[in-house]
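[1] Fold the following.
(2 chains)
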Amino acid sequence: MLQVPFIRENKEDVIKRLAVRNIDATQMIEDVINLDEDRKQLQTQLDNTLAESNAISKEIGNLYKSGNTAEANVLKEKTTQLKEVTKEFTEKLNNTIESLNQLLYKIPNVPHPTVPNGSTEDDNEEIFKEGDIPVLHSEALPHWELAKKYDIIDFELGNKITGAGFPVYKGKGARLQRALIAYFLDKNTAAGYTEYQLPLLVNEASGFGTGQLPDKEGQMYHVTQDNLYLIPTAEVPGTNIFRDVLLNETDLPIGITGYTPCFRREAGSYGAHVRGLNRLHQFDKVEILRVEHPNRSYQALDEMVNHIKIILQELKLPYRILRLCGGDIGFTSALTFDFEVFSTAQNRWLEISSVSNFETFQANRLKLRFKNSEGKNELAHTLNGSSLALPRVLAGILENYQTKDGIEIPEVLIPYTGFNIIN
RNA sequence: GGAGAAAUGGCAGAGUGGUCGAAUGCGGCAGUCUUGAAAACUGUUGAGGGUCACACCUCCGGGGGUUCGAAUCCCUCUUUCUCCGCCA
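    Numbering: from 1, shown residues only, chains lettered A, B, ... in the order given. Reported below is the predicted structural model:
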């Protein structure tokens, strides 16, 4: 959520930059500033009343001590009146704060100046492309056919046990998944990220901290009996490590990585383009996450992008990097780069990573701060990215590495799989 | 699941109705000493709102109550610890 002082001081710029998301925020920004003005006024009125109350209370104490009960009782009457006034102001103030917050929750992050205009994913800007798209033999298959042919993923079985979108990996398929997870985690820890194992269920406060709640709860599975949510991404438990945390400047930067399954309801998305591994209700992902000093967060974003590039180069998969346009960028993000791997048999690009800088948008909600060199508490910047989402990487490997003799295994993974072909 | 104890600043830990935003220690910051560092010593150091700056207000796990006045008393919720039970 945006900070009110920032909105007030950069009113025109905020409106202009939010327009890149194709929203006209003029009225909302105006309302925020007005509500905050009201808030300040009410706060001052309340504070003055309380100050008077406090002063009288002190006096009553002194009067009792000196035995002047009669005068004390007179003053007591007065405080009763003040209590009424206090109650009234408190109520008004709380209502104003509530309205202000409700409004602030609705305003997305301000896009970085480099975010291109645009309304849909077609307007995203391709900024990098690498890797040769292989020419497949004539009997090449999409990954779901390959999965069946080599008996490594069973979609029907998952359907029986749970429902659509919960595939069962078996044999070499299961081993390849485990290999990818281990490989990603090794790459990340080698780059300085600390490995974490995080809870897969989170409470309301955590859902709120990263912005899934209060508005986007439909994305998550809700365990109503205990009021917990299954995580849609490791970003949720990972970022909430830092909720209500005050760091020293020397603690920065912080980098963590973790593997978790992810659970997404994906209500209403069915059809041919969600076939196979393209979109699932449960999938595995390795995430990287950073807490950075504001003046080097964009450098950190570049480092993360480069890190993921190296992984894809090593896997020798054809991929491209997109700079998301204003219409496609996430609610909480200021700048996002998507990585897409080419699904040769489907002849389409599949998103396998999304790397974002949230600047202070998350930190403001989380109250994640550090003590800066002037001794002031300052909001940190948070960033995260997938490194990587497993199913589509797997789809990419199956399709791009298929030969007439079977599916070859990328060289870097062989130490992890213990085999070099699925046949 | 049952019984008991506890929750205080970045951390540890005093404080049981007004003089408490809160002793003390650690940590942080500044200084003295030193060629430099360490050690030692001295000073300083909670957060949020508000103000040009003060004043002032709020905050001692969350919520509610008693009282002129609550970290302190009462109710309630949550969490943690100990013991018992159950259990991968």
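[2] can you list contacts of the one helix or strand residue A:309 maps to?
    Taking DSSP states H and E as the criterion, residue A:309 maps to helix A:297-315. Contacts made with helix A:297-315 from outside it, assessed by C-beta atoms under 8 Å, 6 or more residues apart in numbering, are listed as A:112, A:128, A:130-131, A:184, A:187-188, A:191, A:253, A:288, A:290, A:292, A:319, A:321, A:335, A:337, A:339, A:341, A:353, A:355-357, A:359, A:381, A:383, A:385, A:387-388, A:393, A:397, A:410, A:412-413. (Each C-beta comes from the backbone N, C-alpha and C, glycine too.)
[3] Go ahead and confirm residue A:316 touches residue A:133.
    No: proximity of residue A:316 to residue A:133 does not meet the contact threshold set by C-beta atoms under 8 Å, at 11.6 Å.
[4] Looking at these two, which one has more neighbours?
    Taking neighbours as other C-beta atoms under 10 Å, residue A:316 and residue A:133 compare with residue A:316 leading, 16 against 12.
[5] and the more buried one, what are its phi and psi?
    phi 60, psi 50 (degrees, to the nearest 10).
[6] What residues does the stretch 101-250 of chain A have near RNA strand B?
    A:246, A:248 (C-beta under 7 Å from any atom of the strand).
[7] could you pull out the helices for the stretch 101-250 of chain A?
    Assignment of helices within the stretch 101-250 of chain A using DSSP state H, counting those that start in this stretch yields the ranges A:143-149, A:155-161, A:172-190, A:204-209, A:235-240.
[8] What would the last one look like as PDB? C-alpha coordinates only.
    Extracted C-alpha coordinates of helix A:235-240, given in PDB (Å, rounded to 0.1, in the frame of the first residue of the first chain):
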ATOM      1  CA  GLU A 235       6.200 -15.200  -1.400                       C
ATOM      2  CA  VAL A 236       3.500 -15.200   1.300                       C
ATOM      3  CA  PRO A 237       5.200 -17.000   4.100                       C
ATOM      4  CA  GLY A 238       8.600 -15.800   2.900                       C
ATOM      5  CA  THR A 239       7.800 -12.100   2.900                       C
ATOM      6  CA  ASN A 240       5.900 -12.400   6.200                       C
END
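[9] what's residue A:385 sitting at in phi/psi?
    The phi and psi values for residue A:385, taken as degrees, to the nearest 10, are phi -160, psi 160.
[10] Same question for the one 4 residues further on.
    In this entry, residue A:389 is assigned phi and psi values of phi -80, psi 120 (degrees, to the nearest 10).
[11] ok, residue A:169 - contacts?
    Neighbour list for residue A:169: A:152, A:153, A:154, A:176, A:177 [criterion: C-beta under 8 Å, 6+ apart].
[12] No further questions, thank you.
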